[in-house]
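A.B. asks: From the sequence below, what's the structure:
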Amino acid sequence: MKRFAPALATLAALTAGTPTFAQTAPAPAPAASPTLAAVKARGALNCGVIGSSANFSLPDSQGVMRGIDADSCRALAAAVFGDASKVKFVSLTPPQRLVAVQSGEVDVAYANITWTMTRETKSGVQFTAVNFYDTWGVMVPKALKVASTAKLGGASVCMIAGPGETNAAEYFGKIKVRYKPVAFAEGEQMRKAFLGKRCDAIFHNVSALASFRGTLGAQAADYLLLPELHGREPLAGAVRKGDDRWLDIARYVWNAQVAAEELNITSKNVGGFAASTDPDVKRLLGADGDLGPSMGLEKDWALQVITQVGNFGEMWERAFAASGMPRGPNRLASQGGLMYAFPMR
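C.D. replies: The predicted structure follows:
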(Lines give C-alpha, C1' and ligand atoms only; values in the text may rest on other atoms or scores of the structure.)
Protein backbone atom coordinates (compact mmCIF):
# COMPACT_ATOMS: atom_id res chain seq x y z
CA MET A 1 0.00 0.00 0.00
CA LYS A 2 2.93 2.34 0.71
CA ARG A 3 4.05 2.30 -2.91
CA PHE A 4 0.68 3.82 -3.97
CA ALA A 5 0.76 6.58 -1.35
CA PRO A 6 2.45 9.27 -3.54
CA ALA A 7 0.02 8.66 -6.37
CA LEU A 8 -2.96 8.76 -4.02
CA ALA A 9 -1.71 11.97 -2.47
CA THR A 10 -1.32 13.56 -5.92
CA LEU A 11 -4.82 12.46 -6.92
CA ALA A 12 -6.25 13.88 -3.70
CA ALA A 13 -4.52 17.20 -4.35
CA LEU A 14 -5.81 17.38 -7.90
CA THR A 15 -9.38 16.59 -6.95
CA ALA A 16 -9.52 18.67 -3.78
CA GLY A 17 -12.34 21.15 -3.99
CA THR A 18 -13.68 19.64 -7.21
CA PRO A 19 -17.45 19.10 -6.92
CA THR A 20 -18.78 15.63 -7.53
CA PHE A 21 -21.21 14.98 -10.41
CA ALA A 22 -24.13 15.02 -7.98
CA GLN A 23 -23.06 18.40 -6.65
CA THR A 24 -22.64 20.08 -10.05
CA ALA A 25 -25.13 22.90 -10.53
CA PRO A 26 -27.40 22.62 -13.57
CA ALA A 27 -26.60 24.77 -16.58
CA PRO A 28 -28.45 28.08 -16.54
CA ALA A 29 -31.61 28.21 -18.64
CA PRO A 30 -31.42 30.26 -21.85
CA ALA A 31 -32.46 33.87 -21.46
CA ALA A 32 -35.93 35.01 -22.45
CA SER A 33 -36.43 35.31 -26.19
CA PRO A 34 -36.09 38.83 -27.64
CA THR A 35 -37.91 37.59 -30.74
CA LEU A 36 -40.83 36.36 -28.66
CA ALA A 37 -40.95 39.71 -26.85
CA ALA A 38 -40.93 41.59 -30.17
CA VAL A 39 -43.65 39.37 -31.65
CA LYS A 40 -45.89 39.87 -28.60
CA ALA A 41 -45.33 43.62 -28.60
CA ARG A 42 -46.17 43.79 -32.31
CA GLY A 43 -49.28 41.68 -31.85
CA ALA A 44 -48.62 39.47 -34.86
CA LEU A 45 -46.11 36.94 -36.17
CA ASN A 46 -44.26 37.99 -39.32
CA CYS A 47 -43.96 34.72 -41.22
CA GLY A 48 -42.08 34.38 -44.49
CA VAL A 49 -43.64 32.17 -47.18
CA ILE A 50 -43.27 31.68 -50.92
CA GLY A 51 -46.88 32.77 -51.40
CA SER A 52 -47.16 31.27 -54.88
CA SER A 53 -46.59 27.57 -54.21
CA ALA A 54 -49.74 25.43 -54.23
CA ASN A 55 -49.92 23.01 -51.30
CA PHE A 56 -47.30 25.05 -49.41
CA SER A 57 -48.44 28.69 -49.45
CA LEU A 58 -50.90 30.09 -51.96
CA PRO A 59 -53.93 32.36 -51.43
CA ASP A 60 -57.29 30.75 -52.15
CA SER A 61 -60.16 32.43 -54.01
CA GLN A 62 -60.96 34.42 -50.86
CA GLY A 63 -57.39 35.62 -50.47
CA VAL A 64 -56.68 33.31 -47.50
CA MET A 65 -53.18 31.81 -47.52
CA ARG A 66 -53.38 28.02 -47.68
CA GLY A 67 -50.87 25.17 -47.51
CA ILE A 68 -48.61 23.36 -45.08
CA ASP A 69 -46.17 26.26 -44.75
CA ALA A 70 -49.03 28.70 -44.11
CA ASP A 71 -50.46 26.37 -41.47
CA SER A 72 -47.02 26.02 -39.86
CA CYS A 73 -47.08 29.80 -39.43
CA ARG A 74 -50.56 29.62 -37.91
CA ALA A 75 -49.48 26.89 -35.49
CA LEU A 76 -46.66 29.07 -34.17
CA ALA A 77 -49.08 32.02 -33.76
CA ALA A 78 -51.53 29.77 -31.90
CA ALA A 79 -48.76 28.77 -29.48
CA VAL A 80 -47.61 32.36 -28.88
CA PHE A 81 -50.95 34.22 -28.82
CA GLY A 82 -53.55 31.50 -28.38
CA ASP A 83 -54.84 32.82 -31.71
CA ALA A 84 -53.79 31.22 -35.00
CA SER A 85 -55.03 34.22 -37.00
CA LYS A 86 -52.38 36.58 -35.66
CA VAL A 87 -50.04 36.07 -38.60
CA LYS A 88 -48.77 38.52 -41.20
CA PHE A 89 -47.70 36.52 -44.24
CA VAL A 90 -44.68 37.98 -46.04
CA SER A 91 -44.24 36.58 -49.55
CA LEU A 92 -40.60 36.00 -50.44
CA THR A 93 -38.81 34.94 -53.62
CA PRO A 94 -36.21 32.14 -53.24
CA PRO A 95 -33.27 34.60 -53.14
CA GLN A 96 -35.01 36.67 -50.44
CA ARG A 97 -35.84 33.85 -48.03
CA LEU A 98 -32.69 33.57 -45.91
CA VAL A 99 -31.95 37.31 -46.15
CA ALA A 100 -35.39 38.10 -44.71
CA VAL A 101 -34.70 35.81 -41.75
CA GLN A 102 -31.21 37.21 -41.17
CA SER A 103 -32.36 40.83 -41.32
CA GLY A 104 -35.33 40.38 -39.00
CA GLU A 105 -37.86 41.23 -41.69
CA VAL A 106 -39.58 37.98 -40.71
CA ASP A 107 -39.56 36.14 -37.39
CA VAL A 108 -39.56 32.74 -39.06
CA ALA A 109 -39.71 31.47 -42.63
CA TYR A 110 -41.57 28.42 -43.91
CA ALA A 111 -40.78 28.91 -47.56
CA ASN A 112 -39.79 25.66 -49.27
CA ILE A 113 -36.30 25.96 -47.78
CA THR A 114 -34.14 22.84 -47.95
CA TRP A 115 -32.18 22.25 -44.72
CA THR A 116 -28.52 21.95 -45.71
CA MET A 117 -25.32 22.07 -43.72
CA THR A 118 -23.86 25.17 -45.39
CA ARG A 119 -27.08 27.13 -45.05
CA GLU A 120 -26.93 26.53 -41.32
CA THR A 121 -23.17 27.06 -40.93
CA LYS A 122 -22.77 30.06 -43.23
CA SER A 123 -26.09 31.88 -43.51
CA GLY A 124 -26.85 32.98 -39.96
CA VAL A 125 -29.99 30.85 -39.70
CA GLN A 126 -31.02 27.73 -37.82
CA PHE A 127 -33.58 25.20 -38.93
CA THR A 128 -36.45 24.39 -36.62
CA ALA A 129 -37.78 21.04 -37.84
CA VAL A 130 -38.58 19.35 -41.13
CA ASN A 131 -42.23 19.96 -41.99
CA PHE A 132 -41.97 18.20 -45.36
CA TYR A 133 -39.55 15.53 -46.49
CA ASP A 134 -39.29 16.27 -50.18
CA THR A 135 -37.76 14.03 -52.76
CA TRP A 136 -37.62 13.46 -56.50
CA GLY A 137 -40.44 11.75 -58.35
CA VAL A 138 -42.20 11.25 -61.67
CA MET A 139 -45.57 12.40 -62.99
CA VAL A 140 -47.22 10.97 -66.09
CA PRO A 141 -50.46 11.45 -68.02
CA LYS A 142 -52.95 8.79 -67.00
CA ALA A 143 -53.45 8.16 -70.71
CA LEU A 144 -49.96 6.66 -70.77
CA LYS A 145 -51.38 3.80 -68.65
CA VAL A 146 -48.22 3.50 -66.55
CA ALA A 147 -48.44 2.90 -62.79
CA SER A 148 -44.74 2.50 -61.98
CA THR A 149 -41.44 4.03 -63.08
CA ALA A 150 -40.26 0.49 -63.81
CA LYS A 151 -42.62 0.57 -66.81
CA LEU A 152 -41.15 3.74 -68.34
CA GLY A 153 -38.55 1.98 -70.48
CA GLY A 154 -37.74 4.08 -73.57
CA ALA A 155 -39.85 7.05 -72.41
CA SER A 156 -38.84 10.66 -72.97
CA VAL A 157 -38.61 12.49 -69.64
CA CYS A 158 -38.75 16.27 -69.08
CA MET A 159 -36.42 17.57 -66.35
CA ILE A 160 -34.43 20.60 -65.22
CA ALA A 161 -30.90 20.82 -66.62
CA GLY A 162 -28.22 20.17 -64.02
CA PRO A 163 -29.71 18.77 -60.80
CA GLY A 164 -32.61 17.13 -62.62
CA GLU A 165 -30.27 15.41 -65.07
CA THR A 166 -27.95 14.23 -62.29
CA ASN A 167 -30.72 12.84 -60.12
CA ALA A 168 -32.53 11.26 -63.06
CA ALA A 169 -29.35 9.51 -64.15
CA GLU A 170 -28.84 8.17 -60.63
CA TYR A 171 -32.43 7.04 -60.22
CA PHE A 172 -33.09 5.47 -63.62
CA GLY A 173 -29.64 3.92 -63.54
CA LYS A 174 -30.45 2.36 -60.18
CA ILE A 175 -33.68 0.80 -61.41
CA LYS A 176 -32.10 -0.08 -64.79
CA VAL A 177 -34.66 1.71 -66.95
CA ARG A 178 -33.61 3.32 -70.24
CA TYR A 179 -35.03 6.80 -70.90
CA LYS A 180 -34.50 9.84 -73.10
CA PRO A 181 -33.73 13.01 -71.09
CA VAL A 182 -35.31 16.26 -72.31
CA ALA A 183 -33.66 19.01 -70.25
CA PHE A 184 -34.79 22.61 -69.76
CA ALA A 185 -33.11 25.62 -68.18
CA GLU A 186 -36.10 26.59 -66.02
CA GLY A 187 -39.30 25.16 -64.65
CA GLU A 188 -41.89 27.06 -66.68
CA GLN A 189 -40.34 25.86 -69.96
CA MET A 190 -40.31 22.31 -68.62
CA ARG A 191 -43.95 22.41 -67.51
CA LYS A 192 -45.15 23.86 -70.84
CA ALA A 193 -43.21 21.19 -72.72
CA PHE A 194 -44.77 18.43 -70.63
CA LEU A 195 -48.30 19.77 -71.14
CA GLY A 196 -47.48 20.15 -74.85
CA LYS A 197 -46.59 16.43 -74.98
CA ARG A 198 -42.96 16.98 -75.89
CA CYS A 199 -42.13 14.25 -73.37
CA ASP A 200 -43.92 11.26 -71.89
CA ALA A 201 -43.15 12.01 -68.25
CA ILE A 202 -41.76 14.74 -66.01
CA PHE A 203 -39.08 14.19 -63.34
CA HIS A 204 -38.84 16.84 -60.62
CA ASN A 205 -39.15 17.48 -56.87
CA VAL A 206 -42.34 15.82 -55.70
CA SER A 207 -43.47 18.99 -53.91
CA ALA A 208 -43.08 20.95 -57.16
CA LEU A 209 -44.93 18.27 -59.11
CA ALA A 210 -47.78 18.33 -56.59
CA SER A 211 -47.86 22.13 -56.77
CA PHE A 212 -47.85 22.02 -60.58
CA ARG A 213 -50.64 19.45 -60.65
CA GLY A 214 -52.62 21.56 -58.20
CA THR A 215 -52.63 24.50 -60.64
CA LEU A 216 -54.21 22.48 -63.46
CA GLY A 217 -57.78 22.70 -62.21
CA ALA A 218 -60.02 20.09 -63.80
CA GLN A 219 -57.06 18.84 -65.84
CA ALA A 220 -55.28 17.69 -62.66
CA ALA A 221 -57.27 14.45 -62.73
CA ASP A 222 -55.58 13.58 -66.04
CA TYR A 223 -52.17 13.18 -64.38
CA LEU A 224 -50.71 10.68 -61.95
CA LEU A 225 -47.82 10.98 -59.49
CA LEU A 226 -46.05 7.62 -59.55
CA PRO A 227 -45.35 6.07 -56.12
CA GLU A 228 -41.57 5.57 -56.41
CA LEU A 229 -39.36 8.31 -54.92
CA HIS A 230 -35.67 9.21 -55.07
CA GLY A 231 -33.24 11.29 -53.00
CA ARG A 232 -33.58 13.71 -50.04
CA GLU A 233 -34.77 17.32 -49.88
CA PRO A 234 -35.83 18.10 -46.27
CA LEU A 235 -37.86 21.33 -46.17
CA ALA A 236 -37.81 23.14 -42.83
CA GLY A 237 -38.65 26.32 -40.99
CA ALA A 238 -35.79 28.78 -40.46
CA VAL A 239 -35.10 31.31 -37.67
CA ARG A 240 -32.19 33.64 -36.94
CA LYS A 241 -29.23 32.24 -35.04
CA GLY A 242 -28.65 33.65 -31.59
CA ASP A 243 -32.13 33.35 -30.07
CA ASP A 244 -32.13 29.84 -28.64
CA ARG A 245 -35.44 30.23 -26.85
CA TRP A 246 -37.24 31.22 -30.07
CA LEU A 247 -35.70 28.20 -31.78
CA ASP A 248 -37.08 26.05 -28.95
CA ILE A 249 -40.57 27.47 -29.43
CA ALA A 250 -40.68 26.99 -33.20
CA ARG A 251 -39.19 23.50 -32.97
CA TYR A 252 -41.51 22.24 -30.25
CA VAL A 253 -44.65 23.59 -31.90
CA TRP A 254 -43.92 21.18 -34.76
CA ASN A 255 -43.02 18.49 -32.25
CA ALA A 256 -46.34 18.93 -30.44
CA GLN A 257 -48.26 18.47 -33.68
CA VAL A 258 -46.41 15.24 -34.47
CA ALA A 259 -46.85 14.02 -30.89
CA ALA A 260 -50.59 14.71 -31.14
CA GLU A 261 -50.86 12.60 -34.28
CA GLU A 262 -48.94 9.78 -32.58
CA LEU A 263 -51.40 9.97 -29.68
CA ASN A 264 -54.40 10.09 -32.07
CA ILE A 265 -55.34 13.56 -30.81
CA THR A 266 -56.97 15.74 -33.48
CA SER A 267 -58.60 19.15 -33.64
CA LYS A 268 -61.97 17.39 -33.62
CA ASN A 269 -61.47 15.07 -30.64
CA VAL A 270 -59.00 16.99 -28.46
CA GLY A 271 -61.76 17.96 -26.01
CA GLY A 272 -62.29 14.30 -25.21
CA PHE A 273 -58.76 14.03 -23.84
CA ALA A 274 -59.31 16.58 -21.07
CA ALA A 275 -59.80 13.85 -18.47
CA SER A 276 -57.04 11.59 -19.80
CA THR A 277 -54.76 9.98 -17.22
CA ASP A 278 -52.03 9.26 -19.79
CA PRO A 279 -48.92 11.18 -18.61
CA ASP A 280 -47.88 11.99 -22.20
CA VAL A 281 -51.31 13.43 -22.98
CA LYS A 282 -51.45 15.42 -19.75
CA ARG A 283 -48.05 17.00 -20.34
CA LEU A 284 -48.83 17.77 -23.99
CA LEU A 285 -52.16 19.44 -23.24
CA GLY A 286 -50.85 21.39 -20.23
CA ALA A 287 -52.73 19.54 -17.52
CA ASP A 288 -49.44 18.52 -15.92
CA GLY A 289 -45.88 19.83 -15.95
CA ASP A 290 -44.55 23.16 -17.16
CA LEU A 291 -43.65 22.61 -20.83
CA GLY A 292 -45.21 25.90 -21.91
CA PRO A 293 -43.80 28.11 -19.13
CA SER A 294 -40.36 26.58 -19.69
CA MET A 295 -40.38 28.38 -23.07
CA GLY A 296 -42.18 31.54 -21.96
CA LEU A 297 -45.59 30.32 -23.19
CA GLU A 298 -48.88 29.52 -21.50
CA LYS A 299 -49.51 26.03 -20.12
CA ASP A 300 -52.11 25.35 -22.84
CA TRP A 301 -49.88 26.36 -25.76
CA ALA A 302 -50.01 22.93 -27.43
CA LEU A 303 -53.74 22.59 -26.77
CA GLN A 304 -54.26 25.84 -28.69
CA VAL A 305 -52.11 24.61 -31.58
CA ILE A 306 -54.00 21.32 -31.86
CA THR A 307 -57.44 22.90 -31.42
CA GLN A 308 -56.91 25.70 -33.93
CA VAL A 309 -54.58 24.13 -36.52
CA GLY A 310 -54.62 20.39 -35.85
CA ASN A 311 -52.03 17.67 -35.60
CA PHE A 312 -49.35 17.16 -38.23
CA GLY A 313 -51.42 14.64 -40.19
CA GLU A 314 -54.39 17.02 -40.40
CA MET A 315 -52.15 19.77 -41.66
CA TRP A 316 -50.61 17.46 -44.26
CA GLU A 317 -53.99 16.16 -45.45
CA ARG A 318 -55.38 19.67 -45.95
CA ALA A 319 -52.35 20.63 -48.00
CA PHE A 320 -51.67 17.55 -50.11
CA ALA A 321 -54.46 14.97 -50.12
CA ALA A 322 -56.34 16.58 -53.02
CA SER A 323 -53.18 16.54 -55.16
CA GLY A 324 -53.03 12.75 -55.01
CA MET A 325 -49.46 12.85 -53.74
CA PRO A 326 -48.54 9.87 -51.54
CA ARG A 327 -47.54 10.85 -48.01
CA GLY A 328 -44.43 8.67 -48.33
CA PRO A 329 -41.64 9.66 -45.95
CA ASN A 330 -43.95 12.20 -44.30
CA ARG A 331 -45.86 9.37 -42.63
CA LEU A 332 -45.28 8.74 -38.95
CA ALA A 333 -42.34 6.48 -38.15
CA SER A 334 -44.80 3.95 -36.75
CA GLN A 335 -46.30 3.77 -40.24
CA GLY A 336 -43.00 3.49 -42.09
CA GLY A 337 -42.23 7.19 -42.48
CA LEU A 338 -39.68 9.59 -40.98
CA MET A 339 -41.87 11.67 -38.69
CA TYR A 340 -41.73 11.10 -34.94
CA ALA A 341 -41.89 13.39 -31.95
CA PHE A 342 -39.08 13.90 -29.48
CA PRO A 343 -40.09 13.18 -25.86
CA MET A 344 -42.35 15.89 -24.48
CA ARG A 345 -41.13 15.82 -20.88
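A.B. asks: can you give me the helices in the stretch 51-200 of the chain?
C.D. replies: 68-81, 97-103, 117-122, 163-174, 187-195 (DSSP state H, counting those that start in this stretch).
A.B. asks: what's the closest of those helices to R283?
C.D. replies: helix 68-81 (15.1 Å; Cβ to Cβ). Heads up, the C-betas are built off the backbone N, CA and C, glycines and all.
A.B. asks: longest single helix anywhere in this protein?
C.D. replies: helix 244-262 (DSSP state H).
A.B. asks: which one of the helices of the stretch 51-200 of the chain has the most crowded surroundings?
C.D. replies: Comparing the helices of the stretch 51-200 of the chain by mean neighbour count (mean count of other Cβ atoms under 10 Å), helix 68-81 comes out on top with a mean of 27.
A.B. asks: Which elements pack onto that one?
C.D. replies: With contacts defined as 3 or more Cβ pairs under 8 Å, 6 or more residues apart in numbering; DSSP states H and E, helix 68-81 has these neighbours: helix 34-42, strand 45-49, strand 87-91, strand 125-141, helix 244-262, helix 301-308, helix 312-320.
A.B. asks: Low-confidence bits of the protein, can you list those?
C.D. replies: 1-30 (pLDDT under 70).
A.B. asks: give me the number of residues near R345?
C.D. replies: As a burial measure, R345 scores 10 neighbours (other Cβ atoms under 10 Å).
A.B. asks: Please name the nearest non-neighbouring residue to the residue nearest the centre of the chain.
C.D. replies: With distances taken as Cα atoms, centre = their mean, N131 lies nearest the centre of the chain, 1.5 Å away. Nearest residue to N131, sequence neighbours excluded (Cβ to Cβ, 6 or more residues apart in numbering): S72, at 5.3 Å.
A.B. asks: State the distance from the one you found to L209.
C.D. replies: 21 Å (Cβ to Cβ, to the nearest Å).
A.B. asks: rewinding a little: give the other helices and strands that the longest helix of the chain contacts.
C.D. replies: helix 34-42, helix 68-81, strand 125-141, strand 230-240, helix 279-285, helix 301-308, helix 312-320.
A.B. asks: Can you check which of those gets nearest to V258?
C.D. replies: helix 312-320 (4.7 Å).
A.B. asks: quick one: A193 and C158 touch, right?
C.D. replies: Yes. Under the contact definition of Cβ atoms under 8 Å, A193 touches C158, with a separation of 5.4 Å.
A.B. asks: what touches both of these two?
C.D. replies: Common contact partners of A193 and C158 (Cβ atoms under 8 Å, 6 or more residues apart in numbering): V182, F184, C199.
A.B. asks: doesn't V182 make contact with the last one?
C.D. replies: This means C199. Yes. Using Cβ under 8 Å, C199 makes contact with V182 at a distance of 4.6 Å.
A.B. asks: Find residues that contact each of these two.
C.D. replies: With Cβ under 8 Å, 6+ apart as the test, C199 and V182 both reach S156, V157, C158, A193.
A.B. asks: For A333, see how far away the third one is.
C.D. replies: In other words, C158. C158 is 34 Å from A333, by Cβ to Cβ.
A.B. asks: Of the two, which one has the most company?
C.D. replies: Higher neighbour count among C158 and A333: C158, with 26 against 13, using other Cβ under 10 Å.
A.B. asks: if I pick the residue lying closest to that one once chain neighbours are set aside, what's in contact with it?
C.D. replies: Of all residues not flanking C158 in the chain, C199 sits nearest, at 4.1 Å (Cβ to Cβ, 6+ apart). Taking Cβ under 8 Å, 6+ apart, we find C199 in contact with A155, S156, V157, C158, K180, V182, A193.
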